[in-house]
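Engineer: Build me a structure from this.
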Amino acid sequence: MKNASYRVALASTDNRYVDQHFGRAESFLIVDVDEDGNFEEIEQRFVSPVCNGGSHDSQKLKRGVEALLDCNFVLAAKIGAGAAYELKEHGIASFEMPGEVENSIFRLDGYIKLLNEMNGVFA
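Structural biologist: Numbering: from 1, shown residues only. Just a heads-up that it's a prediction; the model follows:
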């Protein structure tokens with residue numbers, strides 16, 4: 001694979017589908033994506049879930065986000081506003097994008113390319 005353009009953490013129970021709520025995820029599939037949209041699985045990163053039956057511990061949330069600081073994006077089936085805000089504060093964009101891992105990465109890559117194209121046109 002060429003040099004990675006960006007790194008994505010996907011909330012997945014089986015590394016095939018983005019099917020987990022960010023706060024309930026016990027692991028994330030970490031992938032690197034190159035400029036052509038090809039991706040390479042790097043690792044399955046185990047974390048402590050940050051959601052505790054609907055309530056959130058702010059320290060747990062901070063530790064959960066800190067486990068993903070090397071990622072540029074997080075994809076989850078669902079993500080709450082607090083978690084999305086905490087990720088954004090660390091420069092990580094998050095999206096609710098359930099579905100097959102490959103399809104979710106394809107959709108994210110298309111979105112990124114569209115933004116880059118628009119920025120070039122309107123810059």
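
Engineer: residue contacts, Asp70?
Structural biologist: The contact partners of Asp70, taken as C-beta atoms under 8 Å, 6 or more residues apart in numbering, are Arg7. For every residue, glycine as well, the C-beta is placed using N, CA and C.

Engineer: count of neighbours near Val18?
Structural biologist: Neighbourhood size, Val18 [other C-beta atoms under 10 Å]: 26.

Engineer: quick one: it from Gln59, how far?
Structural biologist: Noted for Val18: a distance of 26 Å to Gln59, by C-beta to C-beta, to the nearest Å.

Engineer: same thing with Tyr111?
Structural biologist: Taking C-beta to C-beta, one finds Tyr111 at 32 Å from Gln59.

Engineer: Mind checking which of these two has more residues around it?
Structural biologist: Each of Tyr111 and Gln59 has its neighbours counted (other C-beta under 10 Å); Tyr111 has more, 14 against 9.

Engineer: would you put the C-alpha positions of the helix or strand that the more buried one is a member of in PDB?
Structural biologist: Applying DSSP states H and E as the criterion places Tyr111 in helix 101-122. Extracted in PDB, the C-alpha atoms of helix 101-122 (Å, rounded to 0.1, in the frame of the first residue of the first chain):
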ATOM      1  CA  VAL A 101     -16.600  -1.800   6.700                       C
ATOM      2  CA  GLU A 102     -15.500  -1.600   3.000                       C
ATOM      3  CA  ASN A 103     -18.700   0.400   2.100                       C
ATOM      4  CA  SER A 104     -18.300   2.800   5.000                       C
ATOM      5  CA  ILE A 105     -14.700   3.500   4.100                       C
ATOM      6  CA  PHE A 106     -15.700   4.000   0.500                       C
ATOM      7  CA  ARG A 107     -18.400   6.500   1.500                       C
ATOM      8  CA  LEU A 108     -16.000   8.400   3.900                       C
ATOM      9  CA  ASP A 109     -13.300   8.500   1.200                       C
ATOM     10  CA  GLY A 110     -15.900   9.900  -1.300                       C
ATOM     11  CA  TYR A 111     -16.900  12.600   1.100                       C
ATOM     12  CA  ILE A 112     -13.300  13.600   1.800                       C
ATOM     13  CA  LYS A 113     -12.500  13.800  -1.900                       C
ATOM     14  CA  LEU A 114     -15.700  15.900  -2.500                       C
ATOM     15  CA  LEU A 115     -14.600  18.300   0.300                       C
ATOM     16  CA  ASN A 116     -11.100  18.500  -1.100                       C
ATOM     17  CA  GLU A 117     -12.500  19.200  -4.600                       C
ATOM     18  CA  MET A 118     -14.900  21.900  -3.300                       C
ATOM     19  CA  ASN A 119     -12.100  23.500  -1.300                       C
ATOM     20  CA  GLY A 120     -10.000  23.700  -4.400                       C
ATOM     21  CA  VAL A 121     -12.900  25.300  -6.300                       C
ATOM     22  CA  PHE A 122     -14.000  27.700  -3.700                       C
END
